[in-house]
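Enquirer: next one to model:
(one chain, ligands or ions: 1)
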Amino acid sequence: MQEILIDSHKYNIQQIIDRIPRDIQLYSEMMQPETGLQKAINNLENTNTFFWLRRPDNQVLLKSTTLNLLPEPTVAELMSLTKMSIKPQVYQVNQSYFILGYCDLQVQGKLLGKLFIVQDITREQTMFVTMVNSLKIASALAILSITLVISFYIQRSLRPLRQLNQMTSVISVEDLGKAQLYLDNAPSEVKELAQTLTMLLSRLSKSWEQERQLVSNVSHELRTPLTIIHGYLQSILRRHNNLTEIQLEALKTAASEAERTIHLLQDLLDLARADSGYLHFQIRPFLLNDLVEEVVAMAKKYSDRQITIESVVHTIEVRADYNRLKQILLNLINNAVNYSEAGTPITLKLDQFNDRATIQVCDRGYGIPLQHQARIFERFYRIDESRSHATGGCGLGLSIVKTFVEGMGGSVNVQSKLEEGSIFTITLPL
Ligand code: ADP
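Expert: Got it, this is the predicted structure:
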């Protein structure tokens, strides 16, 4: 746009440059050359167009009267612009804008000098700059309002998705089948998504139930024959008089593997029962100190570790399932033995706070890296497969501990530091 404006002025000046020698020639034929020259210039001048004629010796021969309208310094500066291209150019002089052009002026074959023609375009230029600035502000405002409107609509259309996300994030495994995702004020696409998700959750619940049933049935069906096999192996081992050394070793391995698998099946069965809500606890009051002493005596039989009991309170009576709590503590002591160097001590600490009893199983073993601590209670989760593999576990021990403890109304947590040891704390109601 600015180019068009300047070009139209340049064109104007070029027209004058083309026309003025002809006019001067015409007037000079009718009157004195100087009068003809002045007359031709007077004809072309207006409040925006200025002329002056500079002789070859650099003297100003004549000026248009309109030059008096411009401030003197501006006129002086304009007149000093001698190095110019032959084409009209834009010049900025003291905050004003001019287009300046010139031509050689000859009258009756004689070179009179250079005729300079100037047009003031300050007004147009200022108007243009103001318009550009207003346009800039208007565009910025338009962009800002469009952005605000778009972000408002995006927020509004994302709201149902956020609601859906909140609803699904609180659905637990137990609630899978009962979950109903319904959104009131949502676009039909999101409502359809919610419906599809509800159907998906129901299918998931069914397959989860089938899987639980399968694990439960398989564990049950395998446990009985394995227990019989284990029984036979034990009785053969007891009467091993006519067995060779190799046969005896093979039978011992078979018996221990059978026993390990029976434990694994029992764990799977317990977890499957807990999942379907059929895990029953025989809750009764008993002295925690007695149970812990019994467990430590049992643990000492299969490990040569120094296991000590520290009790702050003399006697602590809890309400829990005696056998399951025994299993829990044996699991934790077993882990403490497996995941620490031989010869390091294990301590069981008993304490009581308000209406809760705590049992801590502390070891000075390898410790558990922080990023694994939250996951070790998950089923089949093991940290260092190579190290854990040697112990023969399969990652169910701690999930059994958690399931049993929570089933008795308690909780379990772990504090651990690498290469310093771990503390598993069980809290039970008194
Ligand atoms: P398993 O012992 O059969 O591997 P668990 O569920 O008992 O399975 O334990 C899960 C994992 O937690 C183990 O593989 C082991 O890496 C880690 N862990 C459990 N107890 C301890 C402990 N006292 N010290 C260090 N790591 C432990």
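
Enquirer: for stretch 306-326, the distance to its chain's centre please.
Expert: Put simply, stretch 306-326 sits 46 Å off its chain's centre (Cα atoms, centre = their mean, to the nearest Å).

Enquirer: pull the CA atoms of it into CSV?
Expert: What follows is stretch 306-326, C-alpha atoms only, in CSV (Å, rounded to 0.1, in the frame of the first residue of the first chain):
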residue,chain,number,x,y,z
GLN,A,306,20.5,-64.6,65.2
ILE,A,307,16.8,-63.5,65.5
THR,A,308,16.0,-61.3,68.5
ILE,A,309,12.8,-59.9,69.9
GLU,A,310,12.5,-56.4,71.4
SER,A,311,9.3,-55.5,73.1
VAL,A,312,8.7,-52.0,74.5
VAL,A,313,5.4,-53.1,76.2
HIS,A,314,5.4,-56.2,78.4
THR,A,315,2.4,-57.9,77.0
ILE,A,316,0.4,-56.8,73.9
GLU,A,317,-3.0,-58.4,73.3
VAL,A,318,-4.3,-58.2,69.7
ARG,A,319,-7.4,-59.3,67.8
ALA,A,320,-6.3,-61.2,64.7
ASP,A,321,-6.2,-64.6,63.0
TYR,A,322,-3.4,-66.5,64.9
ASN,A,323,-2.4,-68.8,62.1
ARG,A,324,-2.5,-66.2,59.3
LEU,A,325,-0.5,-63.8,61.4
LYS,A,326,2.0,-66.6,62.0
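
Enquirer: quick one: contacts for the residue in the chain that the ligand sits nearest to?
Expert: Distance from the ligand to each residue of the chain (Cβ to the nearest ligand atom) is smallest for G393, at 1.9 Å. Using the backbone N, CA and C atoms, a C-beta is placed for each residue, glycine as well. When contacts are counted by Cβ atoms under 8 Å, 6 or more residues apart in numbering, G393 touches 335, 338, 382.

Enquirer: keep only those that also lie close to the ligand.
Expert: Counting by Cβ under 6 Å from any ligand atom, 335, 382 from the contacts of G393 sit close to the ligand.

Enquirer: neighbour-wise, give me the winner out of the contacts of G393.
Expert: Counting neighbours by other Cβ atoms under 10 Å, N335 leads the contacts of G393 with 22 neighbours.

Enquirer: tell me if I'm right that it and L396 touch.
Expert: No - at 11.6 Å, N335 and L396 do not qualify as touching, with contact defined as Cβ atoms under 8 Å.

Enquirer: run a quick neighbour tally on A255.
Expert: Counted with other Cβ under 10 Å, A255 comes out at 18.

Enquirer: re the thing from before, so the residue of the chain closest to the ligand, which state does it fall into?
Expert: coil (DSSP: H, G, I helix; E, B strand; the rest coil).

Enquirer: distance-wise, check it relative to K87.
Expert: Distance of G393 to K87, computed by Cβ to Cβ, to the nearest Å: 93 Å.

Enquirer: likewise for I171?
Expert: I171 is 79 Å from K87, where distance means Cβ to Cβ.

Enquirer: between the two, which has more neighbouring residues?
Expert: Neighbour tally, I171 and K87, criterion other Cβ under 10 Å: the higher count belongs to I171, 16 against 10.

Enquirer: that one - that's part of a helix, no?
Expert: No - I171: not assigned to a helix; according to three-state DSSP it is coil.

Enquirer: now do the phi/psi pair for it.
Expert: phi -80, psi 120 (degrees, to the nearest 10).

Enquirer: doesn't L200 make contact with it?
Expert: No - I171 is beyond contact range of L200, at 11.2 Å (criterion: Cβ under 8 Å).

Enquirer: now stretch 18-33: average pLDDT?
Expert: Stretch 18-33 carries an average pLDDT of 78.

Enquirer: ignore the last one, stretch 132-143
Expert: Average pLDDT, stretch 132-143: 96.

Enquirer: circling back to that earlier point, in JSON lines: the contacts of G393, plus distance to T227 and pLDDT.
Expert: What follows is the contacts of G393, written out as JSON lines (distance: Cβ to Cβ, whole Å; pLDDT from 0 to 100):
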{"residue": "N335", "distance to T227": "25", "pLDDT": "93"}
{"residue": "N338", "distance to T227": "25", "pLDDT": "90"}
{"residue": "R382", "distance to T227": "26", "pLDDT": "89"}
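
Enquirer: now, the contacts of G393 that are in helices?
Expert: In this view, the contacts of G393 that belong to helices under DSSP state H are 335, 338.

Enquirer: end to end on stretch 336-345, go ahead and measure it.
Expert: 9 Å (Cα to Cα, to the nearest Å).

Enquirer: so what touches it?
Expert: By Cβ under 8 Å, 6+ apart, stretch 336-345 touches 299, 303-308, 346, 361-366, 387-388, 391, 393, 421-422, 424.

Enquirer: tell me the helix or strand right after the host helix or strand of R260.
Expert: Element membership for R260 (DSSP states H and E) is helix 245-275. Toward the C-terminus, helix 245-275 is succeeded by strand 283-287 as the next helix or strand (DSSP H and E).

Enquirer: so where's the chain shaky on pLDDT?
Expert: 1-2, 82-86, 108, 385-392 (pLDDT under 70).

Enquirer: tell me what P285 is bridged to.
Expert: Going by DSSP bridges, P285 is paired in beta bridges with R319.

Enquirer: what's the burial count for it?
Expert: So P285, with other Cβ under 10 Å, has 10 neighbours.

Enquirer: was I right about it contacting Y322?
Expert: No - when contacts are counted by Cβ under 8 Å, P285 is not listed as touching Y322 (9.9 Å).

Enquirer: that older thread, how about the helix holding R260: buried residues?
Expert: Buried residues in helix 245-275, counted by 16 or more other Cβ atoms under 10 Å: 251, 255, 258, 261-275.
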